[in-house]
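# Fold the following.
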Amino acid sequence: MSVNPMAYEAQFFGFTPQTCMLRIYIAFQDYLFEMMLVVESVILKKLDGLPNSKISAFQIRKSTEKFLLFMKERFDQLFSKMEEVLLQLVLSIPPKVLLPEDKVHEQYPYSKEQFQALQGEIHQLQQQYRAEASAGQALRAELEEQKAVQAELEKVLQWFDGLENICREHGTGNFKESFAFLTQNSKKLQDVLKDVEEKSRKIKKHDELL
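Residues are numbered from 1 along each chain as shown. Here you go, the predicted model:
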């Protein structure tokens, strides 16, 4: 049997040519064994009709086995030649022939170097994607922190607004400087809050692009 895997032929036929040849070999061998048993039974019947025959059934069996071995050796020689012809001329696909499902390789041929370069590019893109995903996750975490800070700042601003209203209702001369200071700090906190909101909007846009 041939040791060539003939994978392309297996893709076309749905089975390996070697498997086909093995089944043919087994079928011929089984037929040869059956034929020898039939011949042996016919000879035994003929001998039963001869009253003075000196040939026993054991001798017939030994002769049958010897003849079977002879036939099998000749059959193996002939089958080896037949297998070689069938594998080369019948069950093989010429090197320059492409199957229909492989026509795309002819339209878009790639050398080994080009294929390796393409694999390297794919690997690089995968790394970039992982990096972008990690950055997006970090930005989302930062956004959650910004939301928490914004909520605290809004509470502080509400407190300052309430304090400002109290000063207006119960304003006194001694409290003017304190009020001015509180108002100035309130404006600073409002500026910080606007800065936080601006950063949050940028983070959301970046997260949507991912």
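# Is Pro109 in a helix, a strand, or coil?
When classified by DSSP: H, G, I helix; E, B strand; the rest coil, Pro109 comes out as coil.
# Next one: it from Lys81, what distance?
38 Å (CB to CB, to the nearest Å). Where C-beta positions appear, they are placed from N, C-alpha and C, glycine not excepted.
# Longest helix in this protein, please.
When the chain is parsed with DSSP state H, its longest helix is helix 112-169.
# Phi and psi next, for Thr16.
phi -80, psi 140 (degrees, to the nearest 10).
# brain fart, Lys96
Backbone torsions for Lys96, taken as degrees, to the nearest 10, come to phi -90, psi 0.
# what's the neighbour count on it?
Residues within reach of Lys96, counting by other CB atoms under 10 Å, total 5.
# Quick check, pLDDT for it.
Looking at Lys96, its pLDDT is 77.
# What average pLDDT does the host helix or strand of Val85 get?
Using DSSP states H and E, Val85 sits in helix 57-85. Rounded to a whole number, the mean pLDDT of helix 57-85 is 90.
# now do stretch 194-208
Average pLDDT, stretch 194-208: 71.
# can you check stretch 32-52 too?
84.
# Would you mind putting the CA coordinates of that stretch into CSV?
Below are the C-alpha coordinates for stretch 32-52, written out as CSV (Å, rounded to 0.1, in the frame of the first residue of the first chain):
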residue,chain,number,x,y,z
LEU,A,32,-10.2,-16.1,-3.7
PHE,A,33,-10.7,-17.8,-0.4
GLU,A,34,-14.3,-18.6,-1.2
MET,A,35,-13.4,-19.9,-4.6
MET,A,36,-10.8,-22.3,-3.2
LEU,A,37,-13.3,-23.6,-0.7
VAL,A,38,-15.7,-24.3,-3.6
VAL,A,39,-13.0,-26.1,-5.6
GLU,A,40,-12.1,-28.2,-2.5
SER,A,41,-15.7,-29.2,-2.0
VAL,A,42,-16.0,-30.3,-5.6
ILE,A,43,-12.8,-32.3,-5.4
LEU,A,44,-14.0,-34.1,-2.3
LYS,A,45,-17.3,-35.0,-3.9
LYS,A,46,-15.5,-36.4,-6.9
LEU,A,47,-13.3,-38.5,-4.6
ASP,A,48,-16.3,-39.9,-2.8
GLY,A,49,-17.5,-41.3,-6.1
LEU,A,50,-14.2,-43.3,-6.5
PRO,A,51,-14.3,-46.5,-4.4
ASN,A,52,-10.6,-47.2,-4.5
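# which residues sit against that stretch?
Here stretch 32-52 makes contact (CB atoms under 8 Å, 6 or more residues apart in numbering) with 53, 55, 57, 60-61, 64, 67-68, 71-72, 75.
# From those, list the buried ones, please.
60, 64, 68, 75 (16 or more other CB atoms under 10 Å).
# out of these, who's nearest Val156?
Comparing the buried ones among the contacts of stretch 32-52 against Val156 with CB to CB places Phe75 closest, at 101.0 Å.
# So which bits of the helix or strand where Glu9 lies are buried?
Assessed by DSSP H and E, Glu9 sits inside helix 7-13. Going by neighbour count (16+ other CB under 10 Å), the buried part of helix 7-13 is Glu9.
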